[in-house]
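1. how does the following fold in three dimensions:
(2 chains)
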Protein chains: 2
Amino acid sequence: MSSDYDKLSKTFAALANTTRRAILARLAEGEATVNELAEPFNMSLPAISKHIKVLERAGLIVQGQKAQYRPCTIDVTPLQQISQWTEQYRHIWEDRFDRMDDYINQLKQ
Amino acid sequence: MSSDYDKLSKTFAALANTTRRAILARLAEGEATVNELAEPFNMSLPAISKHIKVLERAGLIVQGQKAQYRPCTIDVTPLQQISQWTEQYRHIWEDRFDRMDDYINQLKQ
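-> From the prediction side, this is the model:
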């Protein structure tokens, strides 16, 4: 852990924005061009392109190379890594839930 | 989705830093004072306090109110929310894994 800003940090930073998360949700349904992505958000092309660049640098989006038509596709690998990272804390929220459950059962008796 | 910086964005932003994630990992083992947290990171108290403030604002840490001894405790609720958020993409990485599996089986035949 030499740097404060590693791969996982890059993913978390990219996801810290509702528009970027909405872009990912759209791409989960299938590939889309930058124009198609800009439409529902009522944003300028430069603004949406900036968000796409952040997602691309985090490895969450891959942009095609065909000149005229460069569709964006989602790459869920970083999301899978985040999901795996949160797993180390699952026992804490599950323990808490169990304790709450015990407490409610005590109240009922 | 009125703002780009909602509750989930705050959590993601707080996690986009290896030191802050290491603080959470330490607190997952049990409560600790700011001094105890500063030690393993070889950081100044003001530097570590700044990280703690970010985690606190994201609801990931609760700091006790006793004047001399204000231990920090982890609150995993935001991590649980992130875990739930990633679940919507799970079918994509599982589908991809299944396709890879099919492909390997084809190669074997």
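2. residues from chain A in reach of chain B?
-> Within reach of chain B by C-beta under 8 Å from any C-beta of the partner chain, chain A has these residues: A:1, A:3-6, A:8-10, A:12-13, A:15-19, A:21-22, A:24-25, A:28, A:74, A:76-77, A:79-80, A:82-83, A:86-90, A:92-93, A:96. Just so you know, the C-beta spots here come from the backbone N, C-alpha and C atoms, and that holds for glycine as well.
3. from these, list the buried ones, please.
-> A:8-10, A:12-13, A:15-19, A:21-22, A:24, A:74, A:76, A:79-80, A:82-83, A:86, A:89, A:92-93 (16 or more other C-beta atoms under 10 Å in any protein chain shown).
4. list of residues touching the helix or strand harbouring residue A:26?
-> Assigned by DSSP states H and E, residue A:26 belongs to helix A:18-27. With contact meaning C-beta atoms under 8 Å, 6 or more residues apart in numbering or on different chains, helix A:18-27 is reached by A:14-15, A:32, A:37, A:40-41, A:43, A:48, A:51-52, A:54-55, A:60-61, A:72-74, A:79, B:1, B:3-6, B:8-9, B:85, B:88-89.
5. show me what secondary structure element comes after that helix.
-> Using DSSP H and E, the helix or strand that follows helix A:18-27 in sequence is helix A:34-41.
6. where along chain A do the strands fall?
-> A:61-63, A:72-74 (DSSP state E).
7. turn the ones you listed into CSV, including mean pLDDT.
-> CSV is the format used below for these (pLDDT from 0 to 100):
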stretch, mean pLDDT
strand A:61-63, 94
strand A:72-74, 95
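8. which one of those strands lies closest to residue B:105?
-> Each of those has some distance to residue B:105 by C-beta to C-beta; the shortest is strand A:72-74, at 24.9 Å.
9. now tell me what touches the closest one from outside.
-> A:24, A:27-28, A:31-34, A:37, A:52, A:60-64, B:89, B:92.
10. buried residues in the helix ranked longest in chain A, which are they?
-> In chain A, assigned by DSSP state H, the helix with the most residues is helix A:90-108. By neighbour count on 16+ other C-beta under 10 Å, the buried set for helix A:90-108 is A:92-93.
11. that one vs helix B:18-27, what angle?
-> Interaxial angle of helix A:90-108 relative to helix B:18-27 (axes from the mean of the first three to the mean of the last three C-alpha atoms, to 10 degrees): 40 degrees.
12. which residues make contact with helix A:90-108 from outside it?
-> For helix A:90-108, using C-beta under 8 Å, 6+ apart, the contacting residues are B:28, B:74, B:76-77, B:79-80, B:83.
13. got those residues as a markdown table, with distance to residue B:102 columns?
-> What follows is the contacts of helix A:90-108, written out as a markdown table (distance: C-beta to C-beta, whole Å):
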| residue | distance to residue B:102 |
| --- | --- |
| B:28 | 38 |
| B:74 | 41 |
| B:76 | 37 |
| B:77 | 39 |
| B:79 | 34 |
| B:80 | 33 |
| B:83 | 28 |
